[in-house]
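Chemist: Quick one: sequence and predicted model below, then my questions.
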Amino acid sequence: MLTKVFGSAVFGVEATTITVEVNIDKGIGYHLVGLPDNAIKESSYRIAAALKNNGYTLPGKKITINMAPADLRKEGSAYDLTLAIGILIASSQIKGDEIERYIIMGELSLDGSLQPIRGALPIAIKAKEEGFKGFFLPKQNVNEAAIVSDLEVYGVTNIQEVIDFFEGKGTVEPTIIDTRSEFYQTLDFPEYDFSDVKGQEGIKRCMEIAAAGGHNIILIGPPGAGKTMLAKRLLSILPPMTLREALETTKIHSVAGKLKEVGLMHQRPFRSPHHTISNVALVGGGSYPQPGEISMAHNGVLFLDELPEFKRDVLEVMRQPLEDREVTISRAKFTVTYPSSFMLVASMNPSPSGFFNDPDAPQANSPHEMQRYMNKISGPLLDRIDIHIEVTAVPFDKLSDDRKAESSVEIRKRVTKAREIQSVRFGSMPLIHYNAQMNTNHIREYCALEDTSKSLLKNAMERLNLSARAYDRILKVARTIADLEASENVNSHHIAEAIQYRSLDREGWLG
């Protein structure tokens, strides 16, 4: 007897429906075709034990299973439940009158219980798009998949629950989540707050501008100046994620199997990889590609602490994703693309000793040693960072001041207003949401300068020997400063402030 059961494979952040054809005929043997990997080939042992322990048998006949499309590589143990149900129906051990209306996925334990799978959200989205009625999956993943409306999502703990459902004896009910109400109820603030930061008012201003326009920023200063403390608090002033951003971010974390929150993610991700990370772990890849840290930080923040300590080739692979806001991983037989629209926040010491060329510093390095240390970071990468800012040590009178600084809540209100202005400006552009994403045409249209501003920028370009990319960065940052003031035009004082935030381009700053 021939039967068809449906599963799904995830490539990148999108799912593809897999048709599992099970044919049972005279003879002996178990033949699994359709480019399965070793984990799927081993499923016969798990399925045999699970069926026996639940009162069923693996037929002693010739079992042929085809996973179509046959030229698409399938991987992982999530097809165990799909194959087992197909075998039971094909051998007439259970009924399966409506089996073709459901997607079935799950890894089987030997006792028939189910282990969680990866990529439940993109699978559920694809199932809805293709008109399936429901989706059976392990209970651990049910809240993640139930985000998708108009799809019956059944969280099950054991293969017997699935069998009982198709036999008409089951009591399992679909999980229903009101995605919008759940999402908007949980838009709380992270634990870190800018009110904890003593002094550093100028740096807070830079962080506010970076958050308002989605700009990349690098903080340069001695140990203990507060670089990491400031970076960790950036999330608290970013605008809340939209429902669209939350879905995008949740899909990526679902595919990677690193979804910590139950259901839809409501906080922007903050990723802080160690400086020993490999380039594959940072941008994604592997024999079977998985998203890297830059994709896990999509719609959030990627914090690289002590930037010069990262291997140079690791930093260089970020250059293209920083520009294109996506990363494409190519293999011989397929190509996957992961979104990677993140804010890069980097911190570093100005020299090997950690201090500027200052006679009052505990240790001092010469300008030459500082420059050699800075040269660990390539010019093209620094060009892609919009804001460079020096962070100096906080004096004692500021540290001992008991007064609370401005809270993240107040800063976030200004940032959100600036982002709303940008949302209106780019409303007709599906791929542009804030100023940092503008291309050259947008800059020409929305950052038009008067003669005074042009002259000021021209002098800065000539004196600092800035690149064309740095020119664009200055205009983008100036546009954000104008948005924070609700100014329609970019004026000369906006340009002047934006130029100040290119510390690494200024001659003599090393000492």
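Modeler: Thanks, I have the structure now.

Chemist: what about this protein, any weak spots by pLDDT?
Modeler: Where the chain drops to pLDDT under 70, the residues are 179-190, 261-262, 357-362, 364, 505-511.

Chemist: Domain-wise, how is it divided?
Modeler: 2-177, 194-505 (automatic domain parsing).

Chemist: Run a quick check on Phe194 versus Ile411, I expect a contact.
Modeler: Yes. Counting by Cβ atoms under 8 Å, Ile411 is a contact partner of Phe194 at 6.0 Å. Every C-beta, even on glycine, is put in place using the N, C-alpha and C of the backbone.

Chemist: and stretch 38-50, which residues are buried?
Modeler: Across stretch 38-50, burial judged by 16 or more other Cβ atoms under 10 Å covers 39-40, 43-44, 46-50.

Chemist: Gln371: which of those residues is nearest?
Modeler: Of all the buried residues of stretch 38-50, Gln371 sits closest to Ala39, with 51.4 Å by Cβ to Cβ.

Chemist: so which helix or strand takes in that closest one?
Modeler: Assessed by DSSP states H and E, Ala39 sits inside helix 38-41.

Chemist: just to revisit the earlier point, can I get the buried residues of stretch 38-50 in a markdown table including distance to Gln422?
Modeler: Formatted as a markdown table, the buried residues of stretch 38-50 follow (distance: Cβ to Cβ, whole Å):
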| residue | distance to Gln422 |
| --- | --- |
| Ala39 | 45 |
| Ile40 | 47 |
| Ser43 | 50 |
| Ser44 | 55 |
| Arg46 | 52 |
| Ile47 | 53 |
| Ala48 | 58 |
| Ala49 | 57 |
| Ala50 | 53 |
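
Chemist: Take those residues and write them to JSON lines, including secondary structure and distance to Pro222.
Modeler: JSON lines is the format used below for the buried residues of stretch 38-50 (DSSP: H, G, I helix; E, B strand; the rest coil; distance: Cβ to Cβ, whole Å):
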{"residue": "Ala39", "secondary structure": "helix", "distance to Pro222": "50"}
{"residue": "Ile40", "secondary structure": "helix", "distance to Pro222": "54"}
{"residue": "Ser43", "secondary structure": "helix", "distance to Pro222": "57"}
{"residue": "Ser44", "secondary structure": "helix", "distance to Pro222": "61"}
{"residue": "Arg46", "secondary structure": "helix", "distance to Pro222": "57"}
{"residue": "Ile47", "secondary structure": "helix", "distance to Pro222": "61"}
{"residue": "Ala48", "secondary structure": "helix", "distance to Pro222": "64"}
{"residue": "Ala49", "secondary structure": "helix", "distance to Pro222": "61"}
{"residue": "Ala50", "secondary structure": "helix", "distance to Pro222": "60"}
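
Chemist: which residues does Ser340 contact?
Modeler: Counting by Cβ atoms under 8 Å, 6 or more residues apart in numbering, Ser340 touches 283, 294-295, 297-298, 321, 325-327.

Chemist: Can you flag the buried ones in these?
Modeler: Neighbour counting with 16+ other Cβ under 10 Å marks 283, 294-295, 297-298, 321, 325, 327 as buried within the contacts of Ser340.

Chemist: Mind checking which of the residues you listed are in helices?
Modeler: Members of the buried ones among the contacts of Ser340 lying in helices (criterion: DSSP state H): 283, 294-295, 321.

Chemist: wait, which of those residues is closest to Ala127?
Modeler: Among these, Ser295 lies closest to Ala127 (Cβ to Cβ), at 23.1 Å.

Chemist: Please name the residues that touch the closest residue in space to that closest one that isn't next to it in sequence.
Modeler: Using Cβ to Cβ, 6 or more residues apart in numbering and skipping residues adjacent in sequence, the residue nearest Ser295 is Tyr338, 4.0 Å away. Counting by Cβ under 8 Å, 6+ apart, Tyr338 makes contact with 12-13, 252, 284, 291-292, 295, 298, 326-327, 329.

Chemist: cool, Val22 as well?
Modeler: 2-5, 63-65, 83, 86-87, 89-90.

Chemist: Between which two of the contacts of Tyr338 is the distance greatest?
Modeler: Within the contacts of Tyr338, His298 and Ile329 form the most distant pair, 14.8 Å apart (Cβ to Cβ).

Chemist: now the buried ones among the contacts of Ser340 in TSV, with distance to Leu72?
Modeler: Shown next, in TSV, are those (distance: Cβ to Cβ, whole Å):
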residue	distance to Leu72
Val283	24
Ile294	26
Ser295	22
Ala297	29
His298	25
Pro321	26
Arg325	28
Val327	22
